[in-house]
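> Build the 3D model from these lines:
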Amino acid sequence: MASSPAIGLTETEVERRLRLKVEGTFTIDAARAHVWDMLMAPETLAGCIPGCESFEPVDEDTYNIAMRVGVAAVRGNYTGSVTIADKQSLESYRMVVQGKGRGGSVRGEGVLTLADIDGGTQVSIVGDAHVTGVVARVGQRLMGNASRMLMNQFFNCLKSKIEN
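The predicted structure is shown next:
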């Protein structure tokens, strides 16, 4: 196996890494303060993260998480952490997620921004994730679709909890 001198990884290790761009915009029919409060509530996060089996606080802004998720034929249990950082109350925050399981690992960061829009709130997310292992080998297109699906499930759940 040849080594990649630029980053010190073998070709096989480079092939098993995948970088995903995550972007989305969601509109929720509620005041920004209410949407912010729901996004900061651990019980909301635990209830809306797809496949979440446990969501335990470590400190005020960090949680240990256990999830069961699947992408195509790659399914498994993952453990990791979620950290909320750089909070600008009612405006934005950065979420850092990392986890690993038998199928590989993921580390991602995203910035969520809230804005008033037509009597409701627009939530925008921009971020990226680095995926390794078997999960990365299923390919960028499939992983991109899966990440969008999981993000949509989360925000549809959040929207349902807030609007109903």
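> Ramachandran angles for the residue positioned nearest the centre of the chain?
Per C-alpha atoms, centre = their mean, the C-alpha nearest to the average position across the chain is that of V97, at 6.2 Å. In terms of degrees, to the nearest 10, the main-chain angles of V97 are phi -120, psi 130.
> Also D59?
phi -150, psi -170.
> For it, give the beta-bridge partners.
Per DSSP bridges, residues listed as beta-bridge partners of D59: T62.
> Against T83, how distant is it?
9 Å (C-beta to C-beta, to the nearest Å). To be clear about C-beta, it is placed using only N, CA and C from the backbone, and glycine gets the same treatment.
> The two: which is more packed in?
When D59 and T83 are compared for neighbours, T83 comes out ahead with 15 against 7, by other C-beta atoms under 10 Å.
> List the residues that contact the residue nearest to the centre of the chain.
G80, S81, V82, T83, V106, R107, G108, E109, G110, A129 (C-beta atoms under 8 Å, 6 or more residues apart in numbering).
> Just the buried subset of the residues you listed, please.
G80, V82, V106, G108, E109, G110, A129 (16 or more other C-beta atoms under 10 Å).
> show me what contacts the fourth one?
By that I understand G108. Going by C-beta under 8 Å, 6+ apart, G108 touches L20, V22, V96, V97, Q98, G127, D128, A129, H130.
> Many thanks, have a good one.
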